[in-house]
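[1] Build me a structure from this.
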Amino acid sequence: MKFPRFNIKKKPPVGAQASSPATADTAAAPADGVASAAASQQPPADEAASQQPPAPAEAPLPVLSEKISINAIFGCIWRNKWKYILPLLLTGALVAWLALCIPRYYKVTVMLAPEYNLPTSGLSGSLGSLASSIGLDFGSMTSTDAIVPLFYPDLIGSTDFLVPLFNVKVTTKDGKFKGRYADYLMKQTKRPWWETEMAALMAKIAPPPQSSVGGEQDTINPFALTYAEDQLMRGIKGSINCTVDKKTDVITLTTQAQDPLVAALLADTVRVRLQNFIIQYRTVKARRDLDLVEKQCEDAHNDYLKKQAAYATFVDANQDLVLETFKAKEKDLEDEMQLAFNAYSTLLTRVQLAKAKVQERTPAFTTLQNSSVPVKHAGPPRVMMVLGALVAAFIITTVVLISRDKRLKW
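    Modelled structure (predicted):
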């Protein structure tokens, strides 16, 4: 079998070409005639330059290949730096004007720590410590109360709790208004112009039912609120916030108002009403027992007085009689009077025990932070609003410029 032959031309080494100049001259000598003939046929240099293909245009820089090209983005930003002035100025001016339309408000925070009757056994104590370490409320699980601190936010947001706040007496810091909290919300609070215009537009589209807030608390029916009362209750609900720490059971009440003194008065009122509600709830059974025992004690006392009067009347009317029949009757009346006295004495003791039970069931609250008139307003954060709008405008402008830049490709 024969394999085909391949002719491979080997280039001479560089040293060999440099070491034999005579050979190069002899090889170039017969080519002079051919070179002169080729030179006579070549076009001039200008025509050659004009016939050369145009140089390729500069390729656009990729912005997104495998990684984001930060250099390309910053280059686009630097080339179009003057185009950022108008969007940023317009955005800053517009947001600053809208932020100035939002009225300032003040916040007051009150912190309470309620008392609980937790089990004192060693097992319960260890379980309570373990539950607190993992965020569980062991006190709520072992308590017999239906309303535990975790339900206090729902309690404060209920209609029965908010409606009595309509008639809370408040005073503004400048002293220009003194009256009910409901009147303060309707007459003294300010709203942004767009909320006012939106409310007027909605009133034209769907007119609300004609109603007004009652002048006294007994004229307001929490079961059937009017439209105005419902809107007012929603406004009060939005200005009160209650949070409970699951580990420590600390109750934090936060109130908000456009006047600092009104915010402080509202916070103190909510704290007192919450304490009264909890005391009322936790002592309701003990107080019912106390009322029942007091009524029984009063009835027993009246019965004893009647028996005593009957015995005294019989004895006075039959002092000189020595018949056994009258002596037996006197003995029966005396025994009935003694039994009535014993019942009255027993119920009187139970009354004292019931009063002690009410006192035992009454919870105690430790106020960790009282309400105080704030010095500095809590909002709105106008500077942060303007800065956030400027950052958003800068990002949007950058995206638009990069998408329109022909030097960049995605």
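[2] Surely Tyr304 and Gln338 touch.
    No - the pair Tyr304 and Gln338 does not pass the contact test of CB atoms under 8 Å, sitting 9.4 Å apart. Yep, even glycine has a C-beta here, placed from its N, CA and C like the rest.
[3] Pick out whichever of these two has more residues nearby.
    Each of Tyr304 and Gln338 has its neighbours counted (other CB atoms under 10 Å); Tyr304 has more, 20 against 14.
[4] Assumed that one was part of a helix.
    Yes - judged by DSSP: H, G, I helix; E, B strand; the rest coil, Tyr304 forms part of a helix.
[5] mind listing what it touches?
    337, 340-341, 343-344 (CB atoms under 8 Å, 6 or more residues apart in numbering).
[6] any idea which helix or strand comes after the one helix or strand Glu195 maps to?
    Of the helices and strands defined by DSSP states H and E, Glu195 is found in helix 193-205. In the C-terminal direction, the helix or strand that comes right after helix 193-205 (DSSP H and E) is helix 227-238.
[7] helix or strand right after that following helix?
    Past helix 227-238, further along toward the C-terminus, the next helix or strand under DSSP H and E is strand 240-244.
[8] Would you list the strands that that next one pairs with, along with their directions?
    Under the criterion DSSP bridges, strand 240-244 sits next to strand 251-257 (antiparallel) in its sheet.
[9] Packing partners of the helix or strand following the strand it pairs with?
    With elements assigned by DSSP H and E, the helix or strand that comes after strand 251-257 is helix 260-282. Helix 260-282 makes packing contacts with strand 106-114, helix 152-156, strand 169-171, helix 181-187, strand 240-244, strand 251-257, strand 365-369 when contacts are defined by 3 or more CB pairs under 8 Å, 6 or more residues apart in numbering; DSSP states H and E.
[10] who wins for proximity to Ala199 among these?
    Minimum separation from Ala199 across these (CB to CB) falls at helix 181-187, 12.9 Å.
[11] just checking, Phe166 touches Tyr184?
    No - under the criterion of CB under 8 Å, Phe166 is not in contact with Tyr184, lying 10.4 Å apart.
[12] Dump the contacts of Tyr304 to TSV, plus secondary structure and neighbour count.
    Written out in TSV, the entries for the contacts of Tyr304 read as follows (DSSP: H, G, I helix; E, B strand; the rest coil; neighbours: other CB atoms under 10 Å):
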residue	secondary structure	neighbour count
Met337	helix	20
Ala340	helix	20
Phe341	helix	17
Ala343	helix	17
Tyr344	helix	21
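[13] Out of those residues, which is nearest to Leu368?
    Ranking the contacts of Tyr304 by separation from Leu368, with CB to CB as the measure, puts Tyr344 on top at 46.9 Å.
[14] element containing the residue nearest to the closest one when sequence neighbours are not counted?
    Of all residues beyond its chain neighbours, the one nearest Tyr344 is Ala300 (4.1 Å), with distances taken as CB to CB, 6 or more residues apart in numbering. With secondary structure defined by DSSP H and E, Ala300 is part of helix 284-317.
[15] sorry, back to before: just say which of the helices and strands packed on helix 260-282 is most tucked in.
    Stretch with highest mean neighbour count among these: strand 251-257 (a mean of 21; mean count of other CB atoms under 10 Å).
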